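In: No sequence on hand, only this structure:
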């Protein structure tokens with residue numbers, strides 16, 4: 001046992017079982033097995049492409065039937081915007097910043113783009129009010145934007161940053177997510193946040209609801225301490241602080257499975273905080289959320305039909321119909337003549353469902369949709385490049401053959417035909433975690449990330465992939481993304 005009595009007490013306080021801690025150490029030492037890709041999911045081969053009439057049909061289904069379910073929007077929103085401004089922090093460290101931004105001679109194309117177009121950023125007026133950006137030095141300007149005693153954009157959550165300016169109206173992501181919740185989320189919005197940001201976020205939401213004159217039920221949760229993970233150095237020794245206490249790190253977005261597991265809802269729309277469109281695009285954007293919702297409802301109704309038969313009256317079960325359904329939507333085959341057909345069928349139909357929007361690949365970073373060999377079967381999964389064997393030319397070629405990527409646009413069904421919530425912990429593939437290479441006190445360490453929320457955490461869900469337009473995906477990962485046409489609204493310049 002690598003843990004002393006103080007370690008065990010520390011683990012207990014965090015709600016981490018010693019067996020789980022030992023499993024983490026094993027993964028940190030041995031690594032995770034690579035996933036085996038069978039083929040990329042493509043149109044008609046795991047990804048549904050809907051013609052306009054069919055898309056309208058599913059949107060209508062959602063409008064008609066969503067009231068039969070409890071619906072909620074679930075928005076991961078805990079991160080600060082520090083990484084979004086990585087470019088600007090680099091400028092503060094590396095560049096000569098005596099001249100104003102508009103006259104500075106930066107050495108990279110990204111810095112030059114920022115200097116040429118910063119007036120088009122939605123927060124420009126607020127920023128300029130702290131000091132004329134045509135006069136003050138670039139260094140003073142960047143500090144005014146980033147540092148805590150001024151605008152604090154380097155430490156605020158993305159939820160509170162000005163993203164869009166349209167018709168002289170400045171909006172942040174919370175503004176847009178509230179409107180989305182009202183339109184298709186039954187006016188329920190759940191945000192996973194950091195505790196230090198809660199007061200500011202609640203205050204902003206109250207102000208926005210008053211301004212918009214809308215009623216949206218907002219709830220909040222934090223990433224649980226029990227989902228933090230251990231770290232080791234490159235000799236696989238536990239990393240400890242100056243007082244010899246274990247160091248714990250956040251477990252990545254896979255930790256949010258526990259937050260999702262605690263939601264009291266039948267259908268949950270999952271979308272990241274920074275994926276918001278301009279107000280002028282909102283109606284079209286929300287239409288495709290309803291399309292995914294209607295698609296999910298149709299499948300849920302069929303799942304619930306078969307669940308009821310399997311649990312209450314197996315004598316009327318249409319084995320061939322059930323097998324055709326499983327093949328059609330999930331690529332799962334069960335021999336209708338098999339003696340254990342019903343037992344296998346129960347295993348497959350009593351699972352949470354996710355309907356995932358997929359966007360045609362345009363070189364965006366992130367995971368993609370694949371058919372993966374998992375536990376003797378082939379199933380639809382969302383896979384990151386880090387999960388495959390980097391030494392296999394065949395696997396790398398399959399990864400490169402992907403035609404779509406994952407924008408994190410998910411409708412999740414979390415209850416069975418009786419309204420009983422699934423325990424989402426029962427459907428995790430724990431061997432789909434990640435090893436991240438970080439540093440602590442100036443030395444390199446290995447940190448463990450839990451199976452990703454839409455990767456290994458949902459590995460044994462029933463999964464359907466549906467193509468959605470690229471225009472529905474507008475993430476803001478760095479400040480230059482706000483200068484893209486999809487985020488500029490009516491701004492010209």
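Out: Nice, I can see it. Given the structure is predicted, the values throughout are model-derived calculations rather than measurements.
In: On the three-state scheme, residue 448 is what?
Out: Three-state call for residue 448 (DSSP: H, G, I helix; E, B strand; the rest coil): strand.
In: In this structure it contacts residue 238, no?
Out: No: the criterion here is CB atoms under 8 Å, and residue 448 misses it with residue 238 at 11.9 Å. In short, each C-beta sits where N, CA and C put it, glycine included.
In: what about these two, which has more around it?
Out: Each of residue 448 and residue 238 has its neighbours counted (other CB atoms under 10 Å); residue 448 has more, 22 against 17.
In: Ignoring the adjacent residues along the chain, who's closest to residue 410?
Out: Among residues not flanking residue 410 along the chain, residue 270 sits closest, at 4.1 Å (CB to CB, 6 or more residues apart in numbering).
In: Neighbouring strands - and their directions - for the helix or strand containing the one you found?
Out: For residue 270, the host element (DSSP states H and E) is strand 267-271. Strand pairing for strand 267-271, determined by DSSP bridges: strand 71-76 (parallel), strand 409-413 (antiparallel).
In: Kindly reformat these as CSV containing mean pLDDT, mean neighbour count and distance to residue 301.
Out: Formatted as CSV, the strands paired with strand 267-271 follow (pLDDT from 0 to 100; neighbours: other CB atoms under 10 Å; distance: least, CB to CB, whole Å):
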stretch, mean pLDDT, mean neighbour count, distance to residue 301
strand 71-76, 98, 24, 15
strand 409-413, 98, 25, 10
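In: Which one of those strands lies nearest to residue 183?
Out: strand 71-76 (9.9 Å; CB to CB).
In: Which other helices and strands does the helix or strand just after that closest one contact?
Out: Next helix or strand after strand 71-76 toward the C-terminus (DSSP H and E): helix 86-94. Counting contacts by 3 or more CB pairs under 8 Å, 6 or more residues apart in numbering; DSSP states H and E, helix 86-94 packs against helix 109-117, helix 138-146.
In: And those: which comes nearest residue 75?
Out: When those are compared by CB to CB, helix 138-146 sits nearest residue 75, at 24.5 Å.
In: Touching the closest one from outside, list them.
Out: 85, 88-89, 91-92, 95, 97-101, 104, 115, 123, 127, 130-131, 133, 136, 150-154 (CB atoms under 8 Å, 6 or more residues apart in numbering).
In: of these, buried ones?
Out: 85, 88, 91, 95, 97, 100-101, 104, 115, 123, 127, 131, 133, 136, 151-154 (16 or more other CB atoms under 10 Å).
In: Tell me which of the residues you listed fall in helices.
Out: When helices are assigned by DSSP state H, the members of the buried ones among the contacts of helix 138-146 inside them are 88, 91, 115, 127.
In: need those residues in TSV with pLDDT and distance to residue 2, can you?
Out: Converted to TSV, those look like this (pLDDT from 0 to 100; distance: CB to CB, whole Å):
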residue	pLDDT	distance to residue 2
88	96	42
91	94	43
115	94	51
127	97	50
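In: From the chain's centroid, how far away is stretch 22-30?
Out: 25 Å (CA atoms, centre = their mean, to the nearest Å).
In: what about residue 485, how many neighbours?
Out: Residues near residue 485, counting by other CB under 10 Å, number 8.
In: So the residue of the chain most remote from its centre, which state does it fall into?
Out: Most distant from the centre of the chain: residue 315, at 41.7 Å, with distances by CA atoms, centre = their mean. Assigned by three-state DSSP, the conformation of residue 315 is helix.
In: quick one, longest helix in the chain?
Out: Ranking each helix of the chain by length (DSSP H) puts helix 282-312 first.
In: what pLDDT, on average, does that one get?
Out: The average pLDDT within helix 282-312 is 96.
In: End to end on stretch 148-156, go ahead and measure it.
Out: Length of stretch 148-156, first residue to last, CA to CA, to the nearest Å: 9 Å.
In: Residue 76: what's it in contact with?
Out: Listed by CB under 8 Å, 6+ apart, the contact set of residue 76 reads 192, 253, 256, 270, 272, 273, 453.
In: hmm, 7 Å instead?
Out: Residue 76 sits next to 192, 253, 256, 272, 273 when contact means CB atoms under 7 Å, 6 or more residues apart in numbering.
In: Could you do residue 373 as well?
Out: Residue 373 is in contact with 36, 38, counting by CB under 7 Å, 6+ apart.
In: you'd agree residue 436 is up against residue 445?
Out: No: using CB atoms under 7 Å, residue 436 is not in contact with residue 445; the gap is 9.1 Å.
In: Now do residue 364, the pLDDT please.
Out: pLDDT at residue 364 comes out at 61.
In: What of the one 4 residues further on?
Out: At residue 368, the model reports a pLDDT of 93.
In: for residue 444, helix, strand, or coil?
Out: The assignment at residue 444 comes out as strand when based on three-state DSSP.
In: Show me where the stretch 251-400 of the chain has its strands.
Out: Remark: strands assigned in the stretch 251-400 of the chain by DSSP state E, counting those that start in this stretch are 267-271, 353-360, 368-374, 377-383.
In: now those strands as a markdown table including distance to residue 35?
Out: Formatted as a markdown table, the strands of the stretch 251-400 of the chain follow (distance: least, CB to CB, whole Å):
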| stretch | distance to residue 35 |
| --- | --- |
| strand 267-271 | 22 |
| strand 353-360 | 17 |
| strand 368-374 | 5 |
| strand 377-383 | 6 |
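In: quick one on the thing from earlier: give the intersection of the neighbour lists for residue 448 and residue 238.
Out: Shared contacts of residue 448 and residue 238 (CB under 7 Å, 6+ apart): residue 230.
In: hey, which of the helices and strands packed on helix 86-94 is tucked in deepest?
Out: Of all these, helix 138-146 has the most neighbours on average by mean count of other CB atoms under 10 Å, namely a mean of 21.
In: And the helix or strand following that one, what's buried?
Out: Per DSSP H and E, the first helix or strand lying C-terminal to helix 138-146 is strand 164-166. For strand 164-166, burial by neighbour count (16+ other CB under 10 Å) applies to 164, 165.
In: What ranges in the stretch 201-350 of the chain fall below the confidence cut-off?
Out: Filtered on pLDDT under 70, the stretch 201-350 of the chain yields no residues whatsoever.
In: try 90
Out: Within the stretch 201-350 of the chain, the ranges that satisfy pLDDT under 90 run 225, 241-243, 250, 252, 312-317.
In: what are the ranges of the helices in it?
Out: With DSSP state H, counting those that start in this stretch as the criterion, the stretch 201-350 of the chain has helices at 257-261, 282-312, 319-330, 341-349.
In: With distance to residue 22 and mean neighbour count as new columns, can these be given to me in a markdown table?
Out: Output for those, formatted as a markdown table (distance: least, CB to CB, whole Å; neighbours: other CB atoms under 10 Å):
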| stretch | distance to residue 22 | mean neighbour count |
| --- | --- | --- |
| helix 257-261 | 20 | 20 |
| helix 282-312 | 37 | 20 |
| helix 319-330 | 34 | 16 |
| helix 341-349 | 29 | 17 |
